[in-house]
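In: the following block contains a protein sequence and its predicted model.
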Amino acid sequence: MDGEQGERPWRIRTAAERDREGLEAVVMEAFSVYLPRMDRKPYPMLDDYGAYIRAGQAFVLEEDGGAHGEVAPQGSIRGCIVLVPDADGALSLEVLAVSGDAQGRGYGRALVDFALRRAKTLGCRRLKLYTNAVMTEAQAFYDRLGFTEMRRGQDAGYRRVFYEFEVGQG
């Protein structure tokens, strides 16, 4: 399932292998701002995006090119999201990243809306995610979008905050 574009100057689509470098660059840029607050790299900076791409679980938000809707040249990837269905009927939002120069344009919200539509399409009852406890901006973002904080705790050596969003099936 790819994103609905309408009149927007961007689109969300399934990532392909050719997108890997751009996707990884967005992740590295987005999460590098947290390095001074942490004693190690944020987990998304260590993840295997090739595996997510091969599994069809990585999606990119790219800005469109010219006036006729053609795709902009390589490097137009401004955001990405990784969505993995869980055995417990939830869709897990593993990574959400927007490049620094594209923040404030609503791309993060658009990626979360895409995740909610995908969860509904897949029949998932919940969208769940975690963020690092030092990523207070991310926590505020998910709070504003109506996610419910479920718990906080140590997980895989990180202090994490776990969130969920009930996906309406109507």
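Out: Yep, it's here. Numbering: from 1, shown residues only.
In: C-terminal to the top helix by length along the chain, what's the next element?
Out: Assignment by DSSP state H gives helix 107-122 as the longest helix of the chain. Using DSSP states H and E, the helix or strand that follows helix 107-122 towards the C-terminus is strand 126-132.
In: could you check the angle helix 107-122 makes with the following helix or strand past that next one?
Out: Remark: after strand 126-132, the chain's next helix or strand is helix 136-144, criterion DSSP H and E. Compare the direction of helix 136-144 with that of helix 107-122 by axes from the mean of the first three to the mean of the last three Cα atoms, to 10 degrees and you get 50 degrees.
In: could you pull up the mean pLDDT of helix 136-144?
Out: For helix 136-144, the mean per-residue pLDDT is 96.
In: give the contact list for the residue nearest to residue 62 when sequence neighbours are not counted.
Out: Spatial nearest neighbour of residue 62, chain neighbours left out: residue 76 (4.5 Å); criterion: Cβ to Cβ, 6 or more residues apart in numbering. To be clear about C-beta, it is placed using only N, CA and C from the backbone, and glycine gets the same treatment. By Cβ atoms under 8 Å, 6 or more residues apart in numbering, the contact list for residue 76 reads 22, 62-65.
In: from residue 9, how far out is residue 76?
Out: Distance, residue 76 to residue 9, by Cβ to Cβ, to the nearest Å: 11 Å.
In: between those two, which contacts overlap?
Out: With Cβ under 8 Å, 6+ apart, residue 76 and residue 9 have common neighbours 63-64.
In: any low-confidence regions in the protein?
Out: The model of the chain has pLDDT under 70 over residues 1-7, 65-75, 169-170.
In: now residue 48: phi and psi?
Out: phi -100, psi 90 (degrees, to the nearest 10).
In: tell me the contacts of it?
Out: Counting by Cβ under 8 Å, 6+ apart, residue 48 touches no other residue.
In: for residue 21, give its distance to residue 15.
Out: Where residue 15 is concerned, residue 21 sits at a distance of 11 Å (Cβ to Cβ).
In: of the two, who's got more company?
Out: Shown here are residue 21 and residue 15; by other Cβ atoms under 10 Å, residue 15 has more neighbours (24 against 13).
In: my guess is that one contacts residue 59. True?
Out: Yes: using Cβ atoms under 8 Å, residue 15 is in contact with residue 59, at 5.9 Å.
In: mind listing the shared neighbours of these two?
Out: Contacts common to residue 15 and residue 59, judged by Cβ under 8 Å, 6+ apart, are residue 80.
In: what's the closest non-adjacent residue to the residue nearest in space to the middle of the chain?
Out: Nearest residue to the geometric centre of the chain (Cα atoms, centre = their mean): residue 96, 2.2 Å. Leaving out its chain neighbours, the residue that sits closest to residue 96 by Cβ to Cβ, 6+ apart is residue 81, at 5.1 Å.
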